[in-house]
Structures are given as C-alpha cells and as structure tokens.
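K.L.:
any chance you could fold what I've pasted below:
(one chain, ligands or ions: 1)
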Amino acid sequence: MQSTMMQDPLSLNLLLERAGRLFPESQIVSRLPDKSLRRHSYAEYYKRTRQLAAALLALGLEKGDRVATLCWNHHAHLECYFGIPAAGGVMHTLNLRLSPEEIGWIAADAGDRFLIVDDILLPLYRQFAGKHAFERVIVFAFSGAPVAGEYTNYDALLDKAPQEFDYVPHDENDAVAMCYTSGTTGRSKGVVYSHRSTVLHTLVACLPEFWCLQGRDVVLPVTPMFHANCWGIPYGAVMLGSKLVFPGPHLHPEDLLDLIKLEPPTMALGVPTIWLSLIQALEAHPEKWSLPKGMRSLVGGAAVPESLIRAFAKHGVRISQGWGMTETSPLATLSFIKPELAGVSEDEQFRLSATAGVTAPLVELRVVGDHGIAPWDGKTPGEVQVRGPFITGRYYNARADNVGQDPAKFTDDGWLRTGDVAKMDSHGYLHITDRTKDLIKSGGEWISSVDLENALMAHPAVAEAAVIAIPHEKWGERPLACVVTKPGQSVTPEALNEVLTKKFAKWQLPDRYEFLETIPRTSTGKFWKMKLRERYAVKG
Ligand code: ADP
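P.N.:
From the prediction side, this is the model:
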C-alpha cells in the first residue's frame, strides 16, 4: 500500500525560504580583516543569497556545475552555502590550509568551473592557479580593497543580478556541496552531499540532545566553513534563524576571546586544539576575559580530553563531544547523558562526556573486531563502521584506476570503514581509542594513544600531548609521548610516568618523552601525528 503523503523532495531551498520569511531581523556578524565587525540582517542575507543564485545562472552556471570557495568564515561564504545550490550548482569548499599543490589538484579533480575567493586569499590562489583553469574567478572584497579588473567583483555581481529568480528544479538526491577529506592519510578524497542528506543531517543535528539549536542561540563557528561543511551548523542556524558570529581570519585565542567579549555566544564550535589554546590564554589573563555563563560548546574532530571538559566547566561552559568525519556529514555520534544515566555522579558525567557518545538517529554504527561484530562490553576493540542516509556510499571520481581507495573504505555489505578504533560500552557509548594507523602494538598487545594523551593532558603542567608509536626491535612498537608544557612550567618524564602508573600498566607507559614548543597541526587544526612519526621514526 502506498502512503497518501506528498512526494516533495527534501530541499535546502525550503530552509532558506523559511529564514527569509520568518526571521528577517536575525543577525549575521562577520569579523573583517581589519577586525571591525560587519552586520547583516537575515532579510539582507536572504536577498543577497538569491541574488548570488540569479547571478550564477546569468553567468551560465548549469545544474551540477561545481563552484569552488576559498574563503574564511563570513557572511558571503554563508551566502554560497545556500546560493550555489539554489542555482543548481554544487558548492565545493577548498581547504585554504592545504598546500597550493594539493588545492590545485583537488580543484582539478573536482572539475570546478567557477571560484569564489576572498581578496586576502588571492596570493594563495595565484600559487595554484596554474594547476587548474577556473572559467571565472569571483573575488569577494573582504578587506574592502578594490578588486583588480581581471577578476569579477562578488558584490558588483550581486548588485547587477537579474531581479527575477526561480529556484532551479531539483531532485532530492541532486548534489549541493562537496568537500575533500583533508588528506592527512593520503590523497584527498571527494565526498558529495545531496539536498536529502544535508536536510536530514540538519534535522538530526539540531535535536535537543544533540546541538539543541534554537532561534534564540548566538552561534560562533570557529570550525572553518571549509571543514566538513562547518559541521553543518550554517544549515541549522539558517533554518532556525539563529544569530551567527563569524570570526573571519582571526582565529588566535586572544582574538577569539575578544570576539566572545564583544558578541557573547551561547554556542561555539571548534576542534580540541583550538579550545586548549583558548583556555590557556583565558587562564593566563583572567582579568581580561571571561566566558559567557551557560555557553555550550560543541567540540570534535579529535578526541576531547576530560581535563579540557572539566576546565571549561569551571568557567560555566558545557562541552559536548561529537564524533564524525567528512564522510559522515559529519555528525554521527554525540556525548549526551542518556535518560537512564541522568542520576549518575558528576564525575561519571564528565567521564561520559569524554567519550564519543551515542549514535545519532538514522545512523547505524557497529564496531567490528577480529571476531566479527564486537559485543557492547566496553572491552572488545574493533573498527567503527557506519551507514545511513547522510553517510557517503562512495568517493567522488572513484575510478577503475583509482579503486585502491574504495575496497579499503567500504565493506562488501555496504558499510563505511572509518579507520577509527573503538569500544562500545553496555550503554551504547562509543569510546574511540585510536585511528587504525595511530595504534601502538607493543609485544602483540595494543596500547591506546588517545588514553595516554588524555591522562597526560590531565597533568597540571601539561598543555598538550600527542602519543605515537615508534619502531622497536624487541617489542615491535613502543609509545613515544610528545609533550608541550604550559608557559613557565616544567615536568620530568619520571613525574609524568608516576601519574600514568595510576591508570596504566607499566608496559604501557611511554619509553620516551620529547618536550616540544608546539605539536604540528593538520590543515583542520588537529595534532598531526604523521609528521611526528616522520620526525621520530628511528629504531628505538
Ligand atoms: P581527516 O580524516 O581528513 O582528518 P575529518 O575531519 O573527516 O578529516 O576527520 C575525521 C576523523 O577525525 C575521524 O575519522 C576520527 O579519527 C577523528 N575524530 C573526529 N571526531 C573525533 C572524536 N570525538 N574523538 C576521536 N577522534 C575523532
């Protein structure tokens, strides 16, 4: 029997229309290169976004054409999020922290037709311009400087866009956006999102136990808009009319704290490394800054140490940890407290918050160990595999000559192999212990680098810690800990090992410590363990 329901496709255009009609007074604040703030109402945003779509159509954009963006977080980038799909195009966010060679390769692989670029990023664009010929380069005058004649001026393009605009008809499975994985483990791979996947992800992510996003929220996305669609928050915020505060290019902790003071958010998003430096800057100058009481923070992209969650709690900020990847849109799990655990102690709540949390609705998740699907016993490790309507089922351009990427990433029965290693506890909380390639196998036994790092970062003198495997003749591999101490503090390997012995067996303790000024970061701001492995990959 067929349902009596209408078959209207899920569509991002519905979210934009809702925002334009219902929330004309909501605000979008962007921090400009000179650090001043520029404000737009949602009414202006709605108008400009439709103008962008009309202008792209007038330029000859055809359905499915890729429009690349090379932009910081600001209102014009948000216009691209909805304006490009409204014209039937596919927004392709380029990661400005990758090497010019890599960006050029990605643009060519994606077959990007147009590019929308911040004027302050033109020097970067010129470094990869020879790798891929965009048909047109549209420059957003973010700094306010005049745009050179060889480029199309973004604002002028919007100003002279045709008055009339009709959304390009589409199917719900048509592509709206694409994003390449950051390539920290090999060549970047493209993931393509649809209207359907994006709308479903948005609805799930906004649920009360996930982001609990509301129209009255003030959202500060520190997560770059080129990183996994800024975790999807721009779609949710526009759907609900939440105020957005964009930091532009100013991501130093002091700059973020200044912005938080000027435009206090109720919710902020970022990777743990950014939050680690933010809390250090805050605690070094408590007289200068504070965090808004009751602010929520969504942190993910890498394991969130319990010590970080506790440090923010002292300032009245609740951190929720999410786990996911570019391939999963990205939110696949989130660490909320399940109803049956509502009465647990505060310590236990912190412990649960430091897990990757519970699987999101519509996502199926399994942990597959050496003997098949692992039981929910909190003990049996295995690879996390996922499937669902907002999980990618393949990579863009996966060609016959390029299939190496596919069988390794998908199982025969159609699940995405995430390459993350985890255990599932009896309540369904996922404990990520490593990425497959970060695992340390010593004398045939696994040691979790994430567990060691979290314990080290709980030491009062330690600002950051990353643990890697180094080759060892007798044991195969042994852990090496790279540690950054807090300013003016020092600590010895013996003192650190003494703390670790409370939680770890002696054979699990790092053999060696390296005290560093900084830990190398990936293009999305996570610890870059591959670089550390390259540096220390000598026989131990
Ligand atoms: P890339 O894989 O290129 O670094 P992604 O942003 O897609 O870019 O990263 C996804 C990966 O980040 C996951 O596979 C996982 O290893 C890691 N990750 C994300 N969230 C968490 C988390 N909460 N805990 C531990 N690891 C995480």
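
K.L.:
C-alpha only now, for contacts and for neighbours.
P.N.:
OK.

K.L.:
what does the least confident helix or strand in the chain by mean pLDDT contact?
P.N.:
Among the secondary structure pieces of the chain, namely its helices and strands, strand 445-447 has the lowest mean (mean pLDDT, DSSP states H and E), a mean of 85. Applying CA atoms under 8 Å, 6 or more residues apart in numbering, the external contacts of strand 445-447 come out as 439-441, 479, 508.

K.L.:
turn those residues into TSV, columns for neighbour count and distance to Leu251.
P.N.:
Putting the contacts of strand 445-447 into TSV (neighbours: other CA atoms under 10 Å; distance: CA to CA, whole Å) gives the following:
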residue	neighbour count	distance to Leu251
Leu439	21	31
Ile440	25	33
Lys441	18	37
Pro479	27	32
Gln508	20	36
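
K.L.:
in a markdown table, list those along with distance to Asn229.
P.N.:
As requested, the contacts of strand 445-447 are arranged in a markdown table below (distance: CA to CA, whole Å):
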| residue | distance to Asn229 |
| --- | --- |
| Leu439 | 28 |
| Ile440 | 32 |
| Lys441 | 35 |
| Pro479 | 34 |
| Gln508 | 38 |
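
K.L.:
quick one, helices of the stretch 101-250 of the chain?
P.N.:
Secondary structure of the stretch 101-250 of the chain by DSSP state H, counting those that start in this stretch: the helices cover 122-128, 154-159, 195-205, 233-240.

K.L.:
of all those helices, which one is nearest Val386?
P.N.:
Among those, the nearest to Val386 by CA to CA is helix 195-205 (14.4 Å).

K.L.:
what is the mean pLDDT for that closest one?
P.N.:
Averaging pLDDT along helix 195-205 yields 98.

K.L.:
before we move on, the earlier item: and which of the contacts of strand 445-447 is nearest Val139?
P.N.:
Within the set of the contacts of strand 445-447, Leu439 lies nearest Val139; the separation is 43.8 Å, counting by CA to CA.

K.L.:
how about the closest one, what does it touch?
P.N.:
446-449, 468-469.

K.L.:
go with 7 Å
P.N.:
Under the criterion of CA atoms under 7 Å, 6 or more residues apart in numbering, the contact list for Leu439 reads 446-449.

K.L.:
still on that earlier bit, dump the helices of the stretch 101-250 of the chain to CSV, plus distance to His252.
P.N.:
Below are the helices of the stretch 101-250 of the chain laid out as CSV (distance: least, CA to CA, whole Å):
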stretch, distance to His252
helix 122-128, 20
helix 154-159, 27
helix 195-205, 27
helix 233-240, 21
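
K.L.:
format these as TSV; extra columns: mean neighbour count.
P.N.:
Converted to TSV, the helices of the stretch 101-250 of the chain look like this (neighbours: other CA atoms under 10 Å):
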stretch	mean neighbour count
helix 122-128	15
helix 154-159	17
helix 195-205	22
helix 233-240	23
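
K.L.:
which of those helices sits closest to Gly64?
P.N.:
Distance to Gly64, taken as CA to CA, is lowest for helix 195-205 among those, at 12.3 Å.

K.L.:
which residues touch the closest one?
P.N.:
Helix 195-205 has contacts (CA under 7 Å, 6+ apart) with 10-12, 172-176, 211, 232, 235-236, 329, 331, 361, 389-390.

K.L.:
quick check: angle from it to helix 233-240?
P.N.:
Counting by axes from the mean of the first three to the mean of the last three CA atoms, to 10 degrees, helix 195-205 points 80 degrees away from the direction of helix 233-240.

K.L.:
so what's the gap between helix 195-205 and the chain middle?
P.N.:
Centroid displacement of helix 195-205 relative to its chain, using CA atoms, centre = their mean, to the nearest Å, is 16 Å.

K.L.:
pick out whichever of the contacts of Leu439 sits closest to the ligand.
P.N.:
Of all the contacts of Leu439, the one sitting nearest the ligand is Ser449; the distance, using CA to the nearest ligand atom, is 10.9 Å.

K.L.:
residues near the closest one, how many?
P.N.:
A count of nearby residues for Ser449, using other CA atoms under 10 Å, gives 24.

K.L.:
by residue count, tell me the biggest helix in the chain.
P.N.:
Among the segments of the chain that qualify as a helix by DSSP state H, the longest is helix 42-58.

K.L.:
which parts of that helix are buried?
P.N.:
Of the residues in helix 42-58, 42-43, 45-46, 48-57 count as buried by neighbour count, 16 or more other CA atoms under 10 Å.
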